[in-house]
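Chemist: Structure, please.
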Amino acid sequence: MNEQRFVVTDQVWQRLEPHLPGKTSDAGVTAKDNRLFLEAVFWRVRTGSPWRDLPPVFGNWNSQFRRFRRWAKAGIFESLFNAMSGDPDLEYALIDGTIVQVHQKATGAKGGLRLRPSGARAAA
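Modeler: Model (predicted):
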């Protein structure tokens, strides 16, 4: 897997790491490659694929799924969200129709849009 395509940049990782369980210096596998695990979660969210389709580079899909469930039950993802949402980077700004108005001229010709039955000829 191309690490340049990963979502978690070094800058973001420095902000996330203190909020994750375990440390790399701890004995056992408590914090074994948290960054790669987060990339696996983000990959799954981006693709919408089931856990079984997780690429082998992320490790065993079932282990990653069980870890995901443990973190979700422990509220780790919620605490990450709270920690990261305090300082928006505005890298992605979403704009939809609930906050943007269309200029009146963008709605169609004078008098607005008129629907005609299909097959009806336009008035000449």
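
Chemist: how many neighbours does Trp43 have?
Modeler: 20 (other C-beta atoms under 10 Å). Using the backbone N, CA and C atoms, a C-beta is placed for each residue, glycine as well.

Chemist: Now do it against Leu16, distance only.
Modeler: Using C-beta to C-beta, to the nearest Å, one obtains 16 Å as the distance from Trp43 to Leu16.

Chemist: what's the answer for Pro50, then?
Modeler: 25 Å.

Chemist: which of those two has more neighbours?
Modeler: Taking other C-beta under 10 Å, Pro50 and Leu16 do not tie; Leu16 has more neighbours (16 against 10).

Chemist: And the next helix or strand past whatever helix or strand that one lives in?
Modeler: Assigned by DSSP states H and E, Leu16 belongs to helix 10-16. Going down the chain from helix 10-16, the next helix or strand is helix 34-47, by DSSP H and E.

Chemist: Mind exporting the C-alpha coordinates of that next one to CSV?
Modeler: What follows is helix 34-47, C-alpha atoms only, in CSV (Å, rounded to 0.1, in the frame of the first residue of the first chain):
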residue,chain,number,x,y,z
ASN,A,34,-2.3,2.7,16.3
ARG,A,35,-1.6,4.8,13.2
LEU,A,36,-2.0,1.9,10.8
PHE,A,37,-5.2,0.9,12.6
LEU,A,38,-6.7,4.4,12.2
GLU,A,39,-5.7,4.2,8.5
ALA,A,40,-7.6,0.9,8.2
VAL,A,41,-10.7,2.5,9.8
PHE,A,42,-10.5,5.5,7.5
TRP,A,43,-10.0,3.2,4.5
ARG,A,44,-13.2,1.3,5.4
VAL,A,45,-15.1,4.5,5.9
ARG,A,46,-13.9,6.0,2.5
THR,A,47,-14.7,2.8,0.5
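
Chemist: Pull the residues that contact it.
Modeler: 6-8, 13, 16-17, 20-22, 49, 51, 53-55, 58-59, 64, 67-68 (C-beta atoms under 8 Å, 6 or more residues apart in numbering).

Chemist: just the buried members of the residues you listed?
Modeler: 8, 16, 20, 54, 58-59, 64, 67-68 (16 or more other C-beta atoms under 10 Å).

Chemist: and His19, how far is that from Pro56?
Modeler: 28 Å.
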